[in-house]
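[1] Show me the folded form of this:
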Amino acid sequence: MDVEIIDQRGESRFEARIDGELAGFATYTREGGVLTVHHTEVGDDYEGMGLAGDLAQWALDGARGQNLAVLPECPFFAGYIKKHPEYLDLVPEDQRARFGL
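    Now for the predicted structure:
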């Protein structure tokens with residue numbers, strides 16, 4: 001399985017593709033130094049393959065590399081950060097309670 005994740009900035013979403021086919025995505029907005037992730041979705045044929053986690057890790061690593069703060073409005077992203085506390089520092093301290101972090 002060949003998974004590729006790309007940032008489709010024109011559509012404000014990160015896309016996970018398997019063998020060229022769209023398998024899942026995460027929508028976002030980016031304003032200034034803040035990346036707000038709104039929603040993550042994986043196609044029925046690709047559920048259970050860890051794609052949402054791959055999208056989250058890729059997006060969060062990218063945010064870190066670009067020195068962006070992250071607001072995980074998407075419940076999946078908030079849960080991912082809760083399970084992977086190495087990303088907690090990306091969420092501004094005064095916003096963490098809002099996301100259950």
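[2] what does the longest strand along the chain contact?
    In the chain, assigned by DSSP state E, the strand with the most residues is strand 21-31. Around strand 21-31, the neighbours that count as contacts under Cβ atoms under 8 Å, 6 or more residues apart in numbering are 3, 8, 12-17, 35-43, 45-46, 49, 51-52, 55-56, 59, 68, 74, 77. C-betas here are computed from N, CA, C, even on glycine.
[3] again, only this time at 6 Å
    Strand 21-31 is contacted from outside by 12-16, 35-43, 46, 51, 55, using Cβ atoms under 6 Å, 6 or more residues apart in numbering.
[4] Excluding chain neighbours, what is closest to residue 16?
    Leaving aside its sequence neighbours, residue 16 sits nearest to residue 24 (Cβ to Cβ, 6 or more residues apart in numbering; 4.4 Å).
[5] Residues in a beta bridge with that neighbour, which ones?
    residue 16, residue 42 (DSSP bridges).
[6] Can you tell me how far the residue nearest to residue 23 when sequence neighbours are not counted is from residue 2?
    Closest residue in space to residue 23, ignoring its immediate chain neighbours: residue 46 at 4.1 Å, by Cβ to Cβ, 6+ apart. To residue 2, residue 46 is 13 Å away according to Cβ to Cβ, to the nearest Å.
[7] go on, residue 44?
    Taking Cβ to Cβ, one finds residue 44 at 20 Å from residue 2.
[8] thinking again about what came up before, return the set of buried residues in the longest strand of the chain.
    The neighbour-count check on strand 21-31 (16 or more other Cβ atoms under 10 Å) flags 23, 24, 25, 26, 27, 28 as buried.
[9] likewise stretch 83-96?
    87, 90, 91.
[10] tell me the contacts of the second one?
    So the one you mean is residue 90. 63, 70.
[11] Let's see that with 8 Å instead.
    60, 63, 64, 68, 69, 70, 81.
[12] Please list only the buried members of these.
    Applying 16+ other Cβ under 10 Å to those flags 60, 63, 68, 70, 81 as buried.
[13] The third one contacts residue 33, doesn't it?
    Yes - with contact defined as Cβ atoms under 8 Å, residue 68 reaches residue 33; the gap is 5.6 Å.
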